[in-house]
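>>> Show me the folded form of this:
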Amino acid sequence: MMTRTYAIALIFGFAAAFLMGANSVIVRYLTTDLHGLQIAVFRLWIACSVILIMLKVSGRSVRLRGFDKFSLLASLGFTLNYITFHIGLEQTSATNAMVLENTAPFFVLLFLVIAGFEKVRWYDALATFMALAGVYLTVRHDFDAGAGDSLVGDFWELGAGFSWAIFIFGSARAVKKTRTTMDRMEVLLKILLPSAVVLTPSLLLYPLEATMNDMLLLVLLGVLSTAVGYYLWYEAMAIVSTVTAALLAVLSVVFTFVIAYLVLGEEMTADILIGGALIITGVVLPGIISASSKKSAETGHLGEHDKT
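Sure thing, here's the model as predicted:
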């Protein structure tokens, strides 16, 4: 069995994935009045404000000038993800966008192998394959990459997956250096704030037609899905491997379908159930195998010690 600390980290990760899944459902509603980039800008500024208030209330002196290379890398990836995702979404289907953006764990694996910062184990690769297969299964009837005029949009969405992997990789390296919750909150602020600044001019590209109900939902997105959701994800990220952190983000796909089923009455098919089970298994598998391997190694070591 996995350790209590690791199990708590996964609980945080599952809670973060739930909030990210709720985010997808709410954004689907908001896009009838607002462009995706407008939603991104508002939720980022709201989230940054909430995080800053939390840091100030804790008595922490926030230093916004000190950016390390991994925080900057994460911020770059985060910003590029929003840009590439929304450009691609205008040229391909939402289904294609979801599947291709969630190729991020594959790129995370690739980055880790190349950079050598963290050991990639065989079960990390297996878990990633299971999760990606699960995402595909959930939408396979609607997924049609490269069909018709969507090829260019699909490449943009693949770029969104690549840039999301950059964000995860940079975030994980920055978070691993932290010691406390407030340290991680400050890292999160330093990643989100530059993205908010860079994306803000995009508000001028589209007319603003937000209703009062839209603004309330934007506050909900900024506070819960972004500030709280990313905080929980970062808490999990401090404990689990970078690959598992990436898979926790993919887990949001499962909650998107569950929330859409419960709230919007959308159909829950066998493919969605099987795909969801594969994703969840991929998330928990590395922790279970790693714990079992450590226990076996410790038992073997004790056995050798008894012989002497």
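
>>> can you map out the helices along the stretch 201-308 of the chain?
Using DSSP state H, counting those that start in this stretch, the helices of the stretch 201-308 of the chain run over 212-220, 229-237, 242-250, 252-264, 270-307.

>>> so what's the residue nearest the centre of the chain up against?
Geometric centre of the chain, nearest residue: residue 249, 3.3 Å, by Cα atoms, centre = their mean. If you count contacts by Cβ atoms under 8 Å, 6 or more residues apart in numbering, residue 249 has them with 17, 20, 104, 164, 168, 233. No exception for glycine: its C-beta is placed from N, CA and C like everyone else's.

>>> What score does it have for pLDDT?
We have a pLDDT of 96 for residue 249.

>>> picking up where we left off before, hey, which of the helices of the stretch 201-308 of the chain is tucked in deepest?
Highest mean neighbour count of the helices of the stretch 201-308 of the chain: helix 242-250, a mean of 27 (counted as mean count of other Cβ atoms under 10 Å).

>>> roughly how far is it from the heart of the chain?
7 Å (Cα atoms, centre = their mean, to the nearest Å).

>>> now swap in stretch 80-92 and tell me
Worked out by Cα atoms, centre = their mean, stretch 80-92 lies 16 Å from the chain centre.

>>> who touches stretch 125-143?
93, 95-96, 98-99, 102-103, 105-106, 109, 243-244, 246-247, 250-251, 253-254, 257, 271-272, 274-279, 281-283, 285-286.

>>> give me the low-pLDDT residue ranges for the stretch 51-200 of the chain?
Low-confidence segments of the stretch 51-200 of the chain (pLDDT under 70): 146-148.

>>> And the residue nearest to the centre of the chain, how far from residue 234?
Distance check for residue 249 against residue 234: by Cβ to Cβ, to the nearest Å, it reads 12 Å.

>>> same check, this time on residue 87
From residue 87 over to residue 234 (counting by Cβ to Cβ), the distance is 27 Å.

>>> cool, and residue 103?
For residue 103 relative to residue 234 (Cβ to Cβ), the value is 22 Å.

>>> Name the SS class of residue 33, please.
Assigned by DSSP: H, G, I helix; E, B strand; the rest coil, the conformation of residue 33 is coil.

>>> and it, how many neighbours?
By the measure other Cβ atoms under 10 Å, the count of residues near residue 33 is 15.

>>> wait, it sits on residue 209?
Yes: Residue 33 is within contact range of residue 209, at 5.3 Å (criterion: Cβ atoms under 8 Å).

>>> Mind listing the shared neighbours of the two?
Common neighbours of residue 33 and residue 209 (Cβ under 8 Å, 6+ apart) do not exist.

>>> which non-adjacent residue is nearest residue 51?
Closest residue to residue 51 apart from its sequence neighbours, by Cβ to Cβ, 6 or more residues apart in numbering: residue 189 at 4.7 Å.

>>> what comes up buried for the helix or strand containing the one you found?
Taking DSSP states H and E as the definition, one finds residue 189 inside helix 181-199. Residues of helix 181-199 classed as buried: 183-196, 198-199 (neighbour count, 16 or more other Cβ atoms under 10 Å).

>>> which stretches of the stretch 51-200 of the chain form helices?
69-89, 94-101, 104-115, 122-139, 151-176, 181-199.

>>> other SSEs contacting the fifth one?
Meaning helix 151-176. helix 69-89, helix 94-101, helix 104-115, helix 181-199, helix 229-237, helix 242-250 (3 or more Cβ pairs under 8 Å, 6 or more residues apart in numbering; DSSP states H and E).

>>> Tell me which of these lies nearest to residue 124.
With Cβ to Cβ as the criterion, residue 124 lies closest to helix 242-250 of the helices and strands packed on helix 151-176, at 4.3 Å.

>>> residues in contact with stretch 198-216?
Outside stretch 198-216, the residues touching it (Cβ under 8 Å, 6+ apart) are 30, 33-35, 37-38, 40-41, 44-45, 79, 82-83, 218.

>>> now stretch 19-26
217, 220-221, 224-226, 228-229, 232-233, 249, 252-260, 263-264.

>>> next one: phi and psi at the closest residue to residue 239 other than its chain neighbours?
Spatial nearest neighbour of residue 239, chain neighbours left out: residue 9 (3.6 Å); criterion: Cβ to Cβ, 6+ apart. The phi/psi pair for residue 9 (degrees, to the nearest 10) reads phi -60, psi -40.

>>> and if you look at residue 180?
phi -120, psi 170.

>>> quick one: the residue nearest to residue 51 and residue 49 touch, right?
No: counting by Cβ under 8 Å, residue 189 does not reach residue 49; the two are 9.9 Å apart.

>>> Which residue is the nearest non-sequential neighbour of residue 127?
Per Cβ to Cβ, 6+ apart, closest to residue 127 is residue 282, 4.1 Å.
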